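Engineer: Sequence and predicted model, in that order:
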Amino acid sequence: MPYSVDGSIKRIVVVLIAIFALACGGAAEGEVAGDCTDRADNDGDGAFDCDDSGCAGSPDCAGMCSVPTRITFGEERLVSGDCSGVAGALEGRAISIAQSGTTLTLTDPEGNPSACTLNASCQCIAMSGTTVTLEFDFSAGSVRVMTDACVLEADF
């Protein structure tokens, strides 16, 4: 008597194949159209959409922020600590910015470059040397400068 496979066994086989395919790993974030704008962590790495490195360079993320090519810092505001040693370090200074997708290269007047990656909130964090962290918020038009001793803010 010939062996016959009925519809229920076929369905079970299809489901098992689908489960096996999912268990072996799906596509990385950004490999499927719409991944970088669906507000989901498609590859399960904890990063969503344009914050995921898989979406770096995606056309969906490239134009998300309005980033000027040059900014000049306005008056500084003390947020915390004692900034007497660095007060006035930002005010009136300008930096140039080159953008490639979500990657920014920031160059100070002395020609020293730093790089940062824009996130979905139009923010990026760059290091200046080993003691100063610059946190840019392009949607608010401000920068926060953090040292071991203090925190300053300035608009641009």
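Structural biologist: Good, I have the coordinates.
Engineer: For the rest of this, base every contact and every neighbour count on C-alpha atoms.
Structural biologist: Noted.
Engineer: The residue nearest the centre of the chain in helix, strand or coil?
Structural biologist: Nearest to the geometric centre of the chain sits N119, at 2.7 Å (CA atoms, centre = their mean). Under the three-state scheme (DSSP: H, G, I helix; E, B strand; the rest coil), N119 adopts coil.
Engineer: Please list all residues in contact with it.
Structural biologist: Going by CA atoms under 8 Å, 6 or more residues apart in numbering, N119 touches C50, D51, T102.
Engineer: Repeat that for G30.
Structural biologist: Residues in contact with G30 (CA under 8 Å, 6+ apart) are C36, D49, G54, C55, S58.
Engineer: Checking my notes, it in a strand, right?
Structural biologist: No. Read with three-state DSSP, G30 is coil and lies in no strand.
Engineer: With adjacent residues omitted, what lies nearest to it?
Structural biologist: With sequence-adjacent residues excluded and distances taken as CA to CA, 6 or more residues apart in numbering, G30 is closest to C55, at 4.8 Å.
Engineer: quick one: pLDDT of the one you found?
Structural biologist: pLDDT for C55: 77.
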